[in-house]
Structures are given as C-alpha cells and as structure tokens.
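Colleague: next input, structure requested:
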Amino acid sequence: MQNFSLNFIKGRGIIKLEFLRETNQRQPVLLIGGKRVGIVGLGNIGLEVAKRLEAFGCNILYNSRKKKPFVSYPFFPDVCELSADSDVLVICCGLNAQTHHMINKKVLLALGREGVIVNVGRGAIIDEKEMVQCLVRGEIGGAVLDVFENEPHVPKELFALDNVVLSPHHAGLTPECFTALRELVVGNLEAFFSNKPLLSQVENN
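Modeller: Have a look, this model is predicted:
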C-alpha cells in the first residue's frame, strides 16, 4: 500500500504501472512512510490529516498561526522554512488576507525538485501561476490539487503533466461528511437556543 501512495500522488497512476508490469519494465516508486510532511494550518482538518499520516510512519511538521501546546510536532513559524524541511507540503489552512498567495515561488523552490505539494485548503493560498511554472520546469516534484485559484477554471498546463493529480473540489463530498455536517448544524442550533457554547464557533481574531 505504501508503495502506491506517493507513486499515485505523483500522477503515475495504476494504468501506467500495469503497463510497466506487463512489459517487465521497472521504475522507482516513492514510499510515503518515513517522509517528512509539513502541514500548513493545524486546525481540525490539519489535525485529522496528521493523524492519518502518522499511521504511515510519517514525520509531521507544521505551521500555524500559533504553536499548539497539545501536540508534539515540530512547529515552524516560517512557512518557507517548513517547506525546506519537508518532502510533502499539505495546505489545510483557510484563506484570508494573510494566507493569500502565502505559498509563493520562494516557498515552492524551498520544497525542491522531489517535493510534492498537496492543496485541500483554498486555491488562492498558492500562487497558482508560479506553481504551474515550477511544475513545468521541474522545480518541484508534483502536485495534488482539490482546489484552484479561479474555480472552475484550471490552468490548461496542468492537464498535460503526469506528475499532477487534479480533483474538482469534491474531497469532502461523501455521505459521511454530509451526515456530520447535518449533525453539527443541528447541534449548533440547539446550543444557541439553549444559551450554551456553540460547537464550532468561529473566532474573529
């Protein structure tokens, strides 16, 4: 399973691997186990990502607005330094004035030629034009993108790259997700009308 994980992430896909098997060709694959994974935004989503990656033996690093006292993962206040120390960079934070184009050319180049970037946050957190150029020039190793800067428009260059995996912003469109969302809405309404703390209060700071 680990053999397929990052290999699939880098866009090589099962069909291509089957072709290689049938023709007795061999090429190196990447293991996700033991990789250094930098998570940008260690909120609820980032923490769930970290838990799953730990099961593969990944070394978790993170950047967030503040250091989290309840986790032992190394904290990087500078996202560029986090990128330089990571094999895979996963974007899980929200989009605001501070995070818009936070993943710029400098951060991407710090990730390096073997590095993979994964975005399940918001498209505009990454400077998409710079990311496309870095991918085309081979300055980063690959990308897995569920979100895009100008949805539903996707840069046409990405479709031609075999080290890119694209999905149409539907990572959360599962029956389980909708059930959890419905329960959260009902729970928040019950808490509000009972003058109790909300289950998912959004802070404005």
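Colleague: pLDDT score for residue 21?
Modeller: Per-residue pLDDT puts residue 21 at 61.
Colleague: give me the neighbour count for residue 65.
Modeller: Using other Cβ atoms under 10 Å, the number of residues around residue 65 comes to 13. Using the backbone N, CA and C atoms, a C-beta is placed for each residue, glycine as well.
Colleague: who's in contact with the longest helix seen in the chain?
Modeller: In the chain, taking DSSP state H as the definition, the longest helix is helix 175-193. Residues outside helix 175-193 that contact it (Cβ atoms under 8 Å, 6 or more residues apart in numbering) are 196-200.
Colleague: what do you get for stretch 50-64?
Modeller: 2, 5, 32-43, 46, 68, 71, 73-79, 82, 85-86, 93.
Colleague: type out the ChimeraX command that picks the buried ones from the residues you listed.
Modeller: Here is the ChimeraX selection string for the buried members of the contacts of stretch 50-64, based on 16 or more other Cβ atoms under 10 Å:
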select :5,32,35,36,37,38,39,40,41,42,46,73,75,76,79,82,85,86,93
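Colleague: restricted to strands, list the contacts of stretch 50-64.
Modeller: Per DSSP state E, strands hold the following members of the contacts of stretch 50-64: 36-40.
Colleague: can you map out the helices along this structure?
Modeller: Listed in chain order, the helices of the chain (DSSP H) span 2-9, 13-22, 44-54, 79-84, 105-111, 128-136, 175-193.
Colleague: and those helices, which one is worst for confidence?
Modeller: helix 2-9 (a mean of 46).
Colleague: re earlier: and the longest helix of the chain, how far out from the chain's middle?
Modeller: Here the centre of helix 175-193 is set off from its chain's centre by 25 Å, with Cα atoms, centre = their mean, to the nearest Å.
Colleague: now do stretch 102-117
Modeller: On Cα atoms, centre = their mean, the centre of stretch 102-117 falls 13 Å from the chain's centre.
Colleague: buried sites along it?
Modeller: Neighbour count says stretch 102-117 has 102-103, 107-111, 115-117 buried, by 16+ other Cβ under 10 Å.
Colleague: tabulate the CA atom coordinates of that stretch in CSV.
Modeller: What follows is stretch 102-117, C-alpha atoms only, in CSV (Å, rounded to 0.1, in the frame of the first residue of the first chain):
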residue,chain,number,x,y,z
MET,A,102,1.3,32.6,1.0
ILE,A,103,2.7,29.6,-0.9
ASN,A,104,4.8,31.7,-3.4
LYS,A,105,7.7,31.0,-5.6
LYS,A,106,10.2,31.2,-2.7
VAL,A,107,8.2,28.6,-0.7
LEU,A,108,7.8,26.3,-3.8
LEU,A,109,11.5,26.4,-4.6
ALA,A,110,12.3,25.6,-1.0
LEU,A,111,10.2,22.4,-1.4
GLY,A,112,12.6,21.3,-4.1
ARG,A,113,12.7,19.1,-7.1
GLU,A,114,11.5,16.0,-5.3
GLY,A,115,8.9,17.8,-3.2
VAL,A,116,5.1,17.3,-3.6
ILE,A,117,2.5,19.9,-2.8
